[in-house]
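Visitor: Starting from these lines, generate the structure:
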Amino acid sequence: MNIKPFGEVFLERIDRIEAEAKKVGLNLTAICREAGISRATPDRWRAKPPKTIEIIELMEKIVKDRRAELDRLKGLKSDEDK
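Guide: Residues are numbered from 1 along each chain as shown. I've put the predicted structure just below:
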């Protein structure tokens with residue numbers, strides 16, 4: 001079994017958050033603002049991952065919620081077109 005180190009997994013999560021955010025029209029600055037952290041924080045994390053990942057989970061939730069909201073709105077728009 002190949003287990004990745006925490007730091008590697010952590011950085012992958014930050015990259016995934018940023019990529020998913022772009023897909024729903026957000027940038028990392030907006031995600032950080034909504035999560036209540038400084039925009040410089042993810043950059044510091046890339047240099048040295050923190051000991052906790054709670055804020056990353058919050059950031060992932062923000063992007064996930066935004067995607068669900070956009071999907072819901074697209075569904076409403078499709079219904080209006082009928």
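
Visitor: Pick out the residue nearest the middle of the chain.
Guide: Geometric centre of the chain, nearest residue: Ile17, 3.0 Å, by CA atoms, centre = their mean.

Visitor: quick one: low-confidence parts of this protein?
Guide: In the predicted model of the chain, residues 1, 51-53, 78-82 satisfy pLDDT under 70.

Visitor: What ranges does it have for its helices?
Guide: Along the chain, counting by DSSP state H, helices occupy 6-23, 28-35, 40-47, 54-81.

Visitor: could you give the angle of the last one to helix 40-47?
Guide: Taking axes from the mean of the first three to the mean of the last three CA atoms, to 10 degrees, one finds that helix 54-81 is oriented at 120 degrees with respect to helix 40-47.

Visitor: now the angle from helix 54-81 to helix 6-23?
Guide: Using the same axes, to 10 degrees: helix 54-81 against helix 6-23 is 30 degrees.

Visitor: do the second one as well
Guide: Computed by the same axes, to 10 degrees, the angle separating helix 28-35 from helix 6-23 equals 100 degrees.

Visitor: separation between Gly7 and Arg13?
Guide: From Gly7 over to Arg13 the distance is 11 Å, taken as CB to CB, to the nearest Å. Heads up, the C-betas are built off the backbone N, CA and C, glycines and all.

Visitor: Tell me who's in contact with the closest residue to Pro42 other than its chain neighbours.
Guide: Distances taken as CB to CB, 6 or more residues apart in numbering put Ile14 closest to Pro42, at 5.6 Å, once the chain neighbours are dropped. Applying CB atoms under 8 Å, 6 or more residues apart in numbering to Ile14 gives the contacts Pro42, Trp45, Arg46, Ile56.

Visitor: Let's see if you can find the most crowded of those.
Guide: Sorting the contacts of Ile14 by how many neighbours each has (other CB atoms under 10 Å) puts Pro42 first, at 23 neighbours.
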